[in-house]
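> Provide a 3D model corresponding to the input given below.
(chains A, B and C)
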Amino acid sequence: MMPTPTLEPAAPIDGEKSPSFWQDARHRLWQNKLALFGLIVVTALSLVCFLAPLLCAHVIGFSYEEQSLALGPVPPNRVHWLGTDPLGRDLLARLLYGGRISLMLGLCATAVSLVIGVTYGAVSGFVGGKTDMVLMRMVDILYALPFTIFVVLLTVFFGQNIILLFVAIGAVQWLTMARIVRGQVMAIKQQEFIEAARALGLRRRRILFRHIIPNLLGPIIVYATLTVPEVMLLEAFLSFLGLGVQAPHSSWGVLIKEGAEVMEEYPWLLTYPAAAMALTLFSLNFLGDGLRDALDVHASKD
Amino acid sequence: MLRFVARRFLETVPVLLIIATVTFFMMHLAPGGPFDLEKQPSKEIKARMEAHYGLDKPLWQQYLLQMKHLLVGDLGPSSKYPSRSVNEIIADAFPVSLELGCEAMAVALFLGLLAGMLAALKQNTFLDHAPMSLAMLGLCVPTFVMGPLLISAFALHLDWCNAAGWYFARDRVLPALTLGAYYAAYIARLARGGLLEVLRQDFIRTAQAKGAGQERILFRHALRGGMLPVVSFLGPAIAGLLTGSFVVETIFGIPGLGRFFVTAAFNRDYCMIMGSVLFYAAFVIGMNLVVDIVLVWLNPKLRFE
Amino acid sequence: MPLLTVNKLRTSFHTRAGVVRAVQDVSFQIERGETLGIVGESGSGKSVTCYSIMGLLPQPPGRIEGGQAIFDGVDLLALSHRELNKYRGLRISMIFQDPMTSLNPYLRIEQQLIEPLLIHEKMDRAAARRRAVEMLADVGITDPVHRLRMYPHEFSGGMRQRVMIAMALITKPDLLIADEPTTALDVTVQAQILDLMKKMRQELGMAILLISHDLGVVSGLCDRVMVMYAGRVMESARTPELFYETKHPYTRALQKSIPALQVKGQELYTIAGAPPDLLRPVPGCPFAPRCGYVVDYCAREEVAPLEVAPAHCTACLRVQKEKLLL
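Sure, this is the predicted structure:
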């Protein structure tokens, strides 16, 4: 049967306190198996990756840059759990270190895009009028710029300073965020409780921070979760161009690129990095989708 | 309607002008120039080369000169491929990218809409989860992994087609699949979301009360509204697809536009950069206009505003 | 034989908080050409009753747990969706509360209006259009030929409800289910729509199942009235008897809360308390906690509607047992 609008199923209105929005959202997120899976995987992977130096020293027993040309590429075995690359470097160690960089870059760039996008969108939507028109026109123009060319130009600007590069990418990625936030602000601004706050004589700044920004948290959290995988894909793309992290450091993008080049001879060099990355992106996306369902104010309660 | 289109066309001119200006100063401020690369030419030759391309003049003169050329549609010479103008390069490579892009788009639309509609109709069943998991996979696997995997499976092991090249009809299959997969995944998710949103509306209940069957409800009542998010996405998506993909073109050895886009920036081929940026921007703006027209056509409420 | 016999219908919603028993053992009948009103506050299960009969319940979370809805000898609840579609829109039509959202904003009025004819009578477009023009004129829309080309957003709320009525009646159904057809409309428009429904009933002779929370609306249009509370039937009787020989304290309380009937200048009468939480089983009479006539056994003993006068049922234990006069 096709889904139809939910009828009011006799909402219980007796004395019981109804759960707050955030409690409700958390409950819905907990109910969502895929989102929960995503959350657990992301947390676990981040933990393992950030503990990479410790793990490499004490559990794996190899560092990410330790070469052994004599050994060469060997498939996964008892000593090298995920095998080694053509330079005889332990893949697991490289995978962990690479993940550290990939995840950090994802978070970094997302944070930058978040700060710019939210500020820009909120100001545009809140001030409205001519300012809004000009600001949004600028976003339209920036949307029309070919992303690849600009990222390449930016790498030229910032050289191989990887952190700066990703600040730059974050600075390009904020467009969608700004649009979402602006739309949300416009919608909230017209709602009655803002009218009420204004009628109470609250100052604009106070209305913005106390009433509008908290209502934006939902979409912002969701979109941020979905931006991280996007940035990580971008990192992979840049690695493909040879603009990514430089040796001896590595990232998942670099590992995948190197693996793809030798996939016929040494398939494990592609399989594991690609799987790690896909798993992370999968988890982040599932988490983002779950958060969207859980936080969406429009979604029906059950 | 006609006035709307005309106004949008006129708006395009200043927008392209701004984009050209931004691009111009950005690439000239970036360190290095077209003749500073790998094998350094002697100072004298370099100076003569720069004089030939007008790079010895003050920046503001270069700017005015380039703008003058751009206004008449002359994108200028390529410094990397000295014998050809940027116009010629684009004219040569674009048809290839156009063909590949169209084929990839067809793949994306067919697979994406099919999966999205199926998932929306069978929400929370296997027929929802299976295509949506596949779509998620499509979003998470980078193109440069997807490409080699497809080559390995279909060209090397099954030997159904060539690993690379752009000569026969069957050479088109793998690149189109590789390029289309990501977009198919995106479209599937958008279509599902849009359809579910519409299927929740009151007027769907009205249609059910009239005795309309599932097919009628889907195609007659829900599809129009449900496609709005997909259509909005198609604007930038088509622009991106048709102007070429560097990764796919590199992997499959396709002589398309995407390569020039990326290598231009590497080579500081100023005119090529400018040409690519403007070509792409014009494409995006044009596609967005088409999308807006389609949106208005789909949604009668907008027609009166 | 009655046109529609609903027998011990039970519907519930399975939510994460638990099972909401929205409709419990509701039974009623509608004769051909008769108008039955169902009255109750929101959450009393009146709408859910109709959605269950029409197969429009969102499933999940809704579920029909038991009962029958015999329409012209066929149990609608036992039909597949395909079979049910032969009834919906042809012999049973429905109009909804909010005419603003019940029409498809993407389709012209004509396309929506003639849809029942195309689905059920396989009529060709030209003939269907002629019928649509007639029907629009019939529901009081001027310049129908021109109006057919328009979209819903070009119509006012009252006009849209007229269109909904025209669409529901275009196949000359035996039964029209009207779910709060005037609630979302302005007061002046409400009266017009009610008059229109009276007129159409006279012309086409269909039975009407009218759902409302407004006793005034129901009294003006219905032959019989059924009062629902907390998913159960409290009282049912012919309209005059329900108003003048009320046999349930809840009905009495509802009547007393009509603002227009109260003494000016005094505080408005309201029923103290709130309806019971349907997530939990309600022992005894669900109205007992709010009832002014409550005695000790009301909250203990199970109660079902019982005929206490000709064609007059009540679910009040004290009326049933003690012949309590209200």
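> for chain B, which residue is closest to the average position?
In chain B, the residue lying closest to the centroid (CA atoms, centre = their mean) is B:Gly240, at 0.9 Å.
> in what helix or strand does it lie?
Secondary structure from DSSP states H and E places B:Gly240 in helix B:228-242.
> Average pLDDT for the helix or strand just after that helix, rounded please.
Sequence-wise, the next helix or strand downstream of helix B:228-242 (DSSP H and E) is helix B:246-252. Helix B:246-252 carries an average pLDDT of 84.
> Kindly export helix B:246-252 (C-alpha atoms) in PDB.
Output in PDB follows, covering the C-alpha atoms of helix B:246-252 (Å, rounded to 0.1, in the frame of the first residue of the first chain):
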ATOM      1  CA  PHE B 246      39.500  14.300 -16.300                       C
ATOM      2  CA  VAL B 247      39.500  11.000 -14.400                       C
ATOM      3  CA  VAL B 248      37.400   9.000 -16.900                       C
ATOM      4  CA  GLU B 249      39.200  10.500 -19.900                       C
ATOM      5  CA  THR B 250      42.500   9.600 -18.400                       C
ATOM      6  CA  ILE B 251      41.600   6.100 -17.400                       C
ATOM      7  CA  PHE B 252      40.000   5.200 -20.700                       C
END
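> all helices for chain C, in order.
Using DSSP state H, the helices of chain C run over C:46-54, C:81-84, C:99-102, C:109-113, C:115-120, C:125-138, C:144-147, C:157-169, C:187-204, C:215-221, C:239-244, C:249-256, C:317-322.
> Sorry, slip of the keys, the one I care about is chain A.
Under DSSP H, chain A gives helices at A:21-31, A:33-50, A:52-55, A:91-127, A:129-143, A:147-158, A:162-189, A:192-199, A:204-206, A:213-241, A:252-261, A:268-295.
> and the fourth one, what other elements does it pack with?
So that's helix A:91-127. Packing partners of helix A:91-127 (3 or more CB pairs under 8 Å, 6 or more residues apart in numbering or on different chains; DSSP states H and E): helix A:33-50, helix A:52-55, helix A:129-143, helix A:162-189, helix A:213-241, helix A:252-261, helix A:268-295. C-beta coordinates here come from the backbone N, C-alpha and C atoms, glycine included.
> ok so, going back, ok, and which of the helices of chain A has the densest surroundings?
helix A:252-261 (a mean of 25; mean count of other CB atoms under 10 Å in any protein chain shown).
> Which other helices and strands does it contact?
Using 3+ CB pairs under 8 Å, 6+ apart: helix A:252-261 touches helix A:91-127, helix A:213-241, helix A:268-295, helix B:143-150.
> mean confidence score for it?
For helix A:252-261, the mean per-residue pLDDT is 81.
> now stretch A:91-103
For stretch A:91-103, the mean pLDDT works out to 83.
> Spell out which parts of the stretch 101-250 of chain A neighbour chain B.
Counting by CB under 8 Å from any CB of the partner chain, the residues of the stretch 101-250 of chain A close to chain B are A:140-141, A:143-146, A:148-150, A:152-153, A:156-157, A:229, A:233, A:236-237, A:240-241.
> Report the separation between A:Phe147 and B:Ser232.
18 Å (CB to CB, to the nearest Å).
> tell me, which helix in chain B spans the most residues?
Chain B, longest helix under DSSP H: helix B:86-121.
> And for residue 190, the neighbour number?
All of this refers to chain A. Neighbour count of A:Gln190, defined by other CB atoms under 10 Å in any protein chain shown: 9.
> nope, chain C please
For C:Gln190, the neighbour count with other CB under 10 Å is 19.
> Might one say that it is in contact with C:Val217?
Yes - judged on CB atoms under 8 Å, C:Gln190 makes contact with C:Val217 at a distance of 7.4 Å.
> Can you name the residue of the stretch 151-300 of chain C nearest to chain B?
As assessed by CB to the nearest CB, chain B sits closest to C:Tyr151 within the stretch 151-300 of chain C, at 4.4 Å.
> separation between C:Leu254 and B:Leu16?
Taken as CB to CB, the span from C:Leu254 to B:Leu16 is 69 Å.
> Which residue of these two possesses the greater neighbour count?
C:Leu254 (21 against 18).
> Show me the shaky parts of chain B.
Chain B contains residues with pLDDT under 70 at B:31-41, B:53-54, B:163, B:303-305.
> picking up where we left off before, which other helices and strands does the longest helix of chain B contact?
helix B:126-140, helix B:173-199, helix B:228-242, helix B:246-252, helix B:257-267, helix B:270-298.
> Out of the ones you listed, flag the one nearest C:Tyr87.
Across the helices and strands packed on helix B:86-121, C:Tyr87 has its closest neighbour in helix B:173-199 (22.1 Å, CB to CB).
> is chain A contacted by the helix or strand following the closest one?
Following helix B:173-199 in sequence order, the next helix or strand is helix B:202-209 (DSSP H and E). Yes - counting by CB under 8 Å from any CB, chain A has neighbours in helix B:202-209: B:202, B:204-205, B:208.
> next one: stretch C:159-179
No - figure legend: stretch C:159-179 not in contact with chain A (CB under 8 Å from any CB); closest approach 10.0 Å.
> And that stretch, end to end?
Criterion CA to CA, to the nearest Å; first-to-last residue distance in stretch C:159-179 is 17 Å.
> May I see the buried residues of stretch B:198-214?
Of the residues in stretch B:198-214, B:198-212 count as buried by neighbour count, 16 or more other CB atoms under 10 Å in any protein chain shown.
> who touches both of C:Gln190 and C:Val217?
Residues within reach of C:Gln190 and of C:Val217 at once, by CB atoms under 8 Å, 6 or more residues apart in numbering or on different chains, are C:Thr182.
> Next one: the residue lying closest to A:Ile169 once chain neighbours are set aside from chain C, what distance?
Of all residues beyond its chain neighbours, the one nearest A:Ile169 is A:Ala109 (4.8 Å), with distances taken as CB to CB, 6 or more residues apart in numbering or on different chains. A:Ala109 sits 37 Å away from chain C, going by CB to the nearest CB, to the nearest Å.
> Per-residue pLDDT of A:Asp296, please?
pLDDT, A:Asp296: 63.
> which residues are in contact with stretch C:262-273?
Contacts for stretch C:262-273 (CB under 8 Å, 6+ apart): C:253-254, C:256-257, C:259, C:289-290.
> So which bits of the stretch 151-300 of chain B are right by chain C?
B:201-203, B:205-214, B:216, B:220-221, B:224-225, B:298-300.
> Out of the helices of chain A, which is closest to C:Pro116?
Nearest to C:Pro116, of all the helices of chain A, is helix A:268-295, at 35.7 Å by CB to CB.
> And chain B, is the closest one touching that?
Yes - under the criterion of CB under 8 Å from any CB, chain B is reached by helix A:268-295 at A:270, A:274, A:277-278, A:281-282, A:285-286.
> Dump stretch B:81-89 to PDB, keeping only the CA atoms.
The C-alpha coordinates for stretch B:81-89 follow below in PDB (Å, rounded to 0.1, in the frame of the first residue of the first chain):
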ATOM      1  CA  TYR B  81      50.000  24.000 -28.000                       C
ATOM      2  CA  PRO B  82      51.500  26.900 -29.900                       C
ATOM      3  CA  SER B  83      50.000  26.100 -33.200                       C
ATOM      4  CA  ARG B  84      46.400  26.100 -32.000                       C
ATOM      5  CA  SER B  85      43.900  28.600 -30.600                       C
ATOM      6  CA  VAL B  86      41.900  27.800 -27.600                       C
ATOM      7  CA  ASN B  87      38.700  28.000 -29.700                       C
ATOM      8  CA  GLU B  88      40.100  25.200 -31.900                       C
ATOM      9  CA  ILE B  89      41.000  23.000 -29.100                       C
END
